[in-house]
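# Kindly return the folded structure for what I paste below:
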Amino acid sequence: MKKIIVFLLIFCIAMPAGAAVSQLEIREIQTHIFETPDTDAVFKAAVNTLQDNGFIIQNIEDNIGYIRAKKDYKDKIRDKKRIILYSSLLAYYGVCTGLSYGLTAGYMLDPLMRLSNEMAPKTVIVDSNVNIEPYGKNATKVRFIIVMKVLENADGYSYIKSSPRQVIRVYDQKVYQEFFNQLDKNIFYENI
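Numbers count the residues shown, from 1 in each chain. Model (predicted):
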């Protein structure tokens, strides 16, 4: 579980915003073919792999080979631009308060609340979809998709979940390879 979280965070930091990845390359990263015709064993192994990594299964459609799962956790994700903006605004209002002998002190509350909210841990939700289908006569194809959502805190004092501040589609090959390696081990355990 920690490995996937670390890989997701490394991905968020390492991948440049302008990096273009074609749809075919994305599908290739997200798809793996296992040399077993037993799609039921692969399906059960996929459920176990997701649960081993801390995901909660939301929906299972075993007749079409679809699993939807999610997990959430708290992380200290901070936007440096917002911190600089709110700190500058707080400093500006501080100077105005000093020059007006305290008459504008009330204006300092808004940047303080925003700065506090920015420094508070954010809730991160990781949504995943797994599609499992036969591939030829002796193989099974698995496609695993991950989307991360960083939620905005409602205020700086409580951890009320709110709308997503950032939605990140994960295309890091290492993250998917780690999942498929774990899935391969679980398929082996299912066939014992």
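
# and the gap between the most centrally placed residue in the chain and residue 164?
Nearest to the geometric centre of the chain sits residue 148, at 2.4 Å (CA atoms, centre = their mean). Noted for residue 148: a distance of 9 Å to residue 164, by CB to CB, to the nearest Å. C-betas here are computed from N, CA, C, even on glycine.

# Using PDB, write out the CA atom coordinates for the helix of greatest length in the chain.
Assignment by DSSP state H gives helix 80-99 as the longest helix of the chain. These are the backbone C-alpha positions of helix 80-99, laid out as PDB (Å, rounded to 0.1, in the frame of the first residue of the first chain):
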ATOM      1  CA  LYS A  80       3.300  27.100  -2.800                       C
ATOM      2  CA  LYS A  81       1.800  29.700  -5.000                       C
ATOM      3  CA  ARG A  82      -1.300  30.000  -2.700                       C
ATOM      4  CA  ILE A  83       0.800  30.100   0.400                       C
ATOM      5  CA  ILE A  84       2.900  33.000  -1.000                       C
ATOM      6  CA  LEU A  85      -0.300  34.800  -2.100                       C
ATOM      7  CA  TYR A  86      -2.100  34.400   1.300                       C
ATOM      8  CA  SER A  87       1.100  35.300   3.200                       C
ATOM      9  CA  SER A  88       1.600  38.400   1.000                       C
ATOM     10  CA  LEU A  89      -2.100  39.400   1.600                       C
ATOM     11  CA  LEU A  90      -1.700  38.900   5.300                       C
ATOM     12  CA  ALA A  91       1.400  41.100   5.300                       C
ATOM     13  CA  TYR A  92      -0.400  43.700   3.300                       C
ATOM     14  CA  TYR A  93      -3.300  43.800   5.700                       C
ATOM     15  CA  GLY A  94      -0.900  43.800   8.700                       C
ATOM     16  CA  VAL A  95       0.800  46.900   7.300                       C
ATOM     17  CA  CYS A  96      -2.700  48.500   6.700                       C
ATOM     18  CA  THR A  97      -3.700  47.600  10.200                       C
ATOM     19  CA  GLY A  98      -0.600  49.200  11.700                       C
ATOM     20  CA  LEU A  99      -1.000  52.400   9.600                       C
END
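
# All set, thanks.
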